[in-house]
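> Can you look at this prediction? I've put the sequence above it.
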Amino acid sequence: MDHHDHHDDRPDLDHRILTAVHARGAAPSVAAAARALSLAGEHGALWLAAGLAGAAVDRERRGAWLRGTALTAGAHLASMGVKRLVRRPRPGHVEPLVRTAGRHSFPSSHATSAAAAAVAFGALGAHVVPPLAAAMCLSRLVVGVHYPSDVAAGAALGAMTARLGARWMTGGRDHG
């Protein structure tokens, strides 16, 4: 019995954190910003657009921008595959502020593509991407469609994907 109770600690913490952060969405400006980020991050759209814009503007490093965009898309696809395997239901104890593309919660694909973009595009000097990616991750809790562990796992998957592809992205050179 004790072992079972210990196993249930994480979901309780997940529920409590989600409830607390989701409550911040009661402020109309916070809810509006979180909804906008959710829409922009659907299917990694914001990050794919940012990567293509980087490739268009920074012609000298166009290949690196395009490979970073490919890494971001690849991370997003990987998260969708993990979702289909894990099949964790979305939170049911809070009222979502947005519609979702799918029923499964783990990992957050928004967080995966955001973290991949933060690592990949941050390495190319796009310093606005990491804080925007962090806001995207937090927005998933504010809108009530993911548990904190979904977001953390997605961010880890995205960052790891982009980090593993860093040498390929930069053509074998380290721009650290």
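Yep, that arrived.
> So which helix or strand of the chain has the lowest pLDDT on average?
Least confident helix or strand, the chain: helix 2-7 with a mean of 44, by mean pLDDT, DSSP states H and E.
> next structured bit after that helix?
The C-terminal neighbour of helix 2-7 among helices and strands, as given by DSSP states H and E, is helix 9-23.
> How far away from the center of its chain is that next one?
Mean-position distance between helix 9-23 and its chain equals 18 Å (C-alpha atoms, centre = their mean, to the nearest Å).
> Packing partners of the following helix or strand past that helix?
Sequence-wise, the next helix or strand downstream of helix 9-23 (DSSP H and E) is helix 28-41. On a contact count with 3 or more C-beta pairs under 8 Å, 6 or more residues apart in numbering; DSSP states H and E, helix 28-41 meets helix 109-123, helix 129-142. (Each C-beta comes from the backbone N, C-alpha and C, glycine too.)
> got the contact list for whichever strand or helix holds residue 66?
Using DSSP H and E, residue 66 sits within helix 62-86. Residues from elsewhere that reach helix 62-86, judged by C-beta atoms under 8 Å, 6 or more residues apart in numbering: 43-44, 47-48, 51-52, 54-56, 58, 102, 104-109, 112-113, 115-117, 120-121, 123-124, 154, 157-158, 161-162, 165, 168-171, 175.
> Mind doing that once more with 7 Å?
Helix 62-86 is contacted by residues 44, 47-48, 51-52, 54-55, 58, 102, 104, 106-107, 109, 112-113, 116-117, 120-121, 124, 154, 157-158, 161-162, 165, 168-171 when judged by C-beta atoms under 7 Å, 6 or more residues apart in numbering.
> repeat for stretch 35-54
Residues outside stretch 35-54 that contact it (C-beta under 7 Å, 6+ apart) are 65, 68-69, 72-73, 76, 97-98, 101, 110, 113-114, 117, 121, 124, 126, 129, 135-136, 139, 143.
> Flag the shaky bits of this protein, pLDDT-wise.
1-11, 172-176 (pLDDT under 70).
> still on that earlier bit, which of the contacts of stretch 35-54 are buried, as a ChimeraX select command?
Buried members of the contacts of stretch 35-54, defined by 16 or more other C-beta atoms under 10 Å, are picked up in ChimeraX with:
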select :65,68,69,72,73,76,97,98,110,113,114,117,121,124,126,129,136,139,143
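> How many residues are close by the nearest residue to residue 142 once chain neighbours are set aside?
Once flanking residues are discounted, residue 142 sits nearest to residue 34: 3.9 Å by C-beta to C-beta, 6 or more residues apart in numbering. Neighbour count for residue 34, taken as other C-beta atoms under 10 Å: 26.
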